[in-house]
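**Student:** predicted model follows, preceded by the sequence.
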There are 2 protein chains.
Amino acid sequence: MPHFAFHLDHVDATTGARAGRWVTPHGEIETPAFMPVATQAAVKGITVEQLRQAGVQKVLANTYHLALRPGPEVVADLGGLHGFMGWNGPILTDSGGFQVFSLAELRNLDDEGVVFKSHVDGDILELTPERAIEIQELLGADVMMCLDECPPLPSPPERLRAAVDRTTRWARRCRDAQRRDDQALFGIVQGGTDAGLRERSATALLELDFPGYAVGGLSVGEPPVEMYRTLDFTTPFLPKEKPRYLMGVGRPEDLIESVCRGIDLFDCVMPTRNGRNASAFTSDGRVRMRNKQWERDERPLDPAVDCPASRDFSRAYLRHLFVVGEMLGPIVLSWHNIAFYQHTLRELRAAILKDRAAEYRADRLARWNGAD
Amino acid sequence: MPHFAFHLDHVDATTGARAGRWVTPHGEIETPAFMPVATQAAVKGITVEQLRQAGVQKVLANTYHLALRPGPEVVADLGGLHGFMGWNGPILTDSGGFQVFSLAELRNLDDEGVVFKSHVDGDILELTPERAIEIQELLGADVMMCLDECPPLPSPPERLRAAVDRTTRWARRCRDAQRRDDQALFGIVQGGTDAGLRERSATALLELDFPGYAVGGLSVGEPPVEMYRTLDFTTPFLPKEKPRYLMGVGRPEDLIESVCRGIDLFDCVMPTRNGRNASAFTSDGRVRMRNKQWERDERPLDPAVDCPASRDFSRAYLRHLFVVGEMLGPIVLSWHNIAFYQHTLRELRAAILKDRAAEYRADRLARWNGAD
């Protein structure tokens, strides 16, 4: 890939956590990195300028939603996602598959692809590996994802194995369908929480030589310890010199635990969804914003976090906004939570560079578990 | 008033429109000026930083809402409204009377005051002139308003006359109740659209020597031409050397028409309410943001307006946000509309300084009437 380069600055001596730099067509990202989710080409309630102020380096947009509205051709006409949403930094799009399986009404699923009913207008549509790439090339993000099959957990072993093999066949078709050379296409390792299936999936995908690999099929109902255990045996199958992306994860503690297991990249709706629901992540643990205890509390949410949302609004004022139903409350809390995620991964990266990732993890988990 | 001074820079030779500067404890305002409405100590969806970027000089907050939640004592404990909402510029609070009459269930109205049922929790509360001042002193805005009686239009002449006389009696009690000398208390001229009643109201209030005067009881159901006609005979009763505030008005064309009749200050929920409802004000007239015609339109809302909301978002993107129901749409459109109001009054002020207010009015009305 001429437009991409992944450099490992350091690997933590104790945990294997990685501090990297990832060059993309729209700028360099320091890893580990967290991508806020701009589902419909907008992070809910947050401007691009506010994302920058929160320290965001890269965002994720959902192909399923954008394929329905406004349609990939419209986005392409308007300069692709970068021009359309006014974000000139790196962007990643998913394949659309996850939302087809979770939001749409399925009509048929076979090796060719998936036929589904749009949740917006009831149209019958088809998503194949080739169409997933065609749409993502029109959207024009820096990173695209292969169409995969992501079964819920728990699922029977034969279902998981069939999903692994279909995911491999679809990955090859995605790779063959790719036309643009300025977008990196990632393979997605499936296999549930089964070590043998994860190895089978990774080995097959490695033969296809993708520029990066995602771990999919986690954070879909299993307990966190199961996810960590799965990462323990999955990341060793992945090439050291390429970025590794854990899809749809998670809480701040999940990010730290996963980085300590060799993951570089994350996305999740949690900071924005929790923010809208009056739940803030802070250095001292969760804050339930509606709580009466904040009624006259002049302290900001988290003075350690370098973002206006974290420093310029008192807890008393934010509580008031939620109690009276002012939309500024969800906005500021979403904004702060995004900044807190960025802050946490920046701190973790600094710890990795000093071989202190394990100490950082222990310190944060002790703080957060005590406070939640 | 030691902390206030109103300077008239120029009066337009043709129309009598005024360009002034108004010194308040929290900074100087150039007039004519428009105050966005921060009903519950927040302009809906807009941060203080975004208000600054939109060119806002002063905001209005609603005493009725803040008296119910979080309560004036809580606001006072948190540094008054300036500290509470993080806005260090000038603030005006209304008396609470208008919302008592429009939102609450009235139980009793007599010369003593008004007894009403809170729309939030059903509590029975009383608002008197003295209590209106006590609450507003706790809120600590730069400008307070007298409690007045504002009848709907049309109302019978005897009802309007009774409201005028009660408003005068209440204004005297408000003046006598005031303790702080760093807040300017404005009298409110009532009298509907009747010239005799307006004169009666203004004459009586002028004897009380308030530092500024508001024209109340307009924009409550009468046609715009009736409002303009009423201003034509009301502003001549008001002292030239004091600021004049037209309450609850209005559309951009109403602002221009009213400035040309001698008004200096405005507030209205229209820019934010219309913004939330996908309606934008621009130099070329109204834009209905959901309209299909914007689907692939890369132009910003209004490049003439110096605000990120007006310049950094394409019409195509804003339309998409409204079509898919993303909250960023209402946010950006509210933000832009506020900036457009500021922009219009800055342009009008520049025209006044050149004795060209009439030309500016004619030009804008021709543009907007053609486009709406």
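**Tutor:** Looks like it arrived, so ask away. Numbers count the residues shown, from 1 in each chain, chains lettered A, B, ... in the order given.
**Student:** can you list the residues of chain A near chain B?
**Tutor:** Residues of chain A lying near chain B by CB under 8 Å from any CB of the partner chain: A:40-49, A:65, A:69-70, A:74, A:77-79, A:83-86, A:295-296, A:298, A:308, A:312-314, A:316-317, A:320-321, A:323-324, A:326-328, A:330-332. Heads up, the C-betas are built off the backbone N, CA and C, glycines and all.
**Student:** among these, which are located in strands?
**Tutor:** Using DSSP state E, no member of the residues of chain A next to chain B falls within strands.
**Student:** out of those residues, which end up buried?
**Tutor:** Neighbour counting over the residues of chain A next to chain B (16 or more other CB atoms under 10 Å in any protein chain shown) leaves A:40-48, A:65, A:69-70, A:74, A:77-78, A:83-86, A:295, A:308, A:313-314, A:316-317, A:320-321, A:323-324, A:326-328, A:330-332 as the buried ones.
**Student:** just say helix, strand or coil for the residue nearest the centre of chain A.
**Tutor:** The residue lying closest to the centre of chain A (CA atoms, centre = their mean) is residue A:267, at 1.3 Å. Secondary structure, DSSP: H, G, I helix; E, B strand; the rest coil: residue A:267 is strand.
**Student:** next SSE downstream of the host helix or strand of residue A:132?
**Tutor:** Secondary structure from DSSP states H and E places residue A:132 in helix A:129-139. Under the assignment DSSP H and E, the closest C-terminal helix or strand after helix A:129-139 is strand A:143-145.
**Student:** could I get the buried residue list for the helix holding residue A:132?
**Tutor:** For helix A:129-139, using 16+ other CB under 10 Å, the buried residues are A:129-139.
**Student:** quick check: mean pLDDT of stretch A:217-234?
**Tutor:** In this model, stretch A:217-234 has an average pLDDT of 96.
**Student:** tell me the buried residues in it?
**Tutor:** Buried-residue list, stretch A:217-234, by 16+ other CB under 10 Å: A:217-220, A:222, A:224, A:227, A:230-231, A:233-234.
**Student:** show me those that map onto helices.
**Tutor:** A:224, A:227, A:230-231, A:233-234 (DSSP state H).
**Student:** let me know the closest of these to residue A:248.
**Tutor:** Proximity to residue A:248 was ranked across these by CB to CB; first place goes to residue A:227, at 10.5 Å.
**Student:** wait, what's in contact with that closest one?
**Tutor:** A:193, A:218-219, A:249-250, A:254, A:258 (CB atoms under 8 Å, 6 or more residues apart in numbering or on different chains).
**Student:** what are the ranges of the helices in the stretch 101-250 of chain A?
**Tutor:** A:129-139, A:157-177, A:195-207, A:224-234 (DSSP state H, counting those that start in this stretch).
**Student:** now those as a markdown table including distance to residue A:343?
**Tutor:** Shown next, in a markdown table, are the helices of the stretch 101-250 of chain A (distance: least, CB to CB, whole Å):
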| stretch | distance to residue A:343 |
| --- | --- |
| helix A:129-139 | 29 |
| helix A:157-177 | 34 |
| helix A:195-207 | 31 |
| helix A:224-234 | 21 |
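**Student:** quick one on the thing from earlier: narrow the buried ones among the residues of chain A next to chain B to those in helices?
**Tutor:** Short answer: those in helices (DSSP H) are A:48, A:65, A:74, A:77, A:83-85, A:308, A:316-317, A:320-321, A:323-324, A:328, A:330-332.
**Student:** so which elements touch the helix holding residue A:132?
**Tutor:** Applying 3 or more CB pairs under 8 Å, 6 or more residues apart in numbering or on different chains; DSSP states H and E, we find helix A:129-139 packed against helix A:63-68, helix A:72-77, helix A:80-85, strand A:143-145, helix A:157-177.
**Student:** average pLDDT for that helix?
**Tutor:** The model assigns helix A:129-139 a mean pLDDT of 98.
**Student:** contacting residues for residue A:41?
**Tutor:** Contacts of residue A:41 (CB under 8 Å, 6+ apart): A:61, A:66, A:75, A:81, A:84-85, B:317, B:320.
**Student:** great, nothing more from me.
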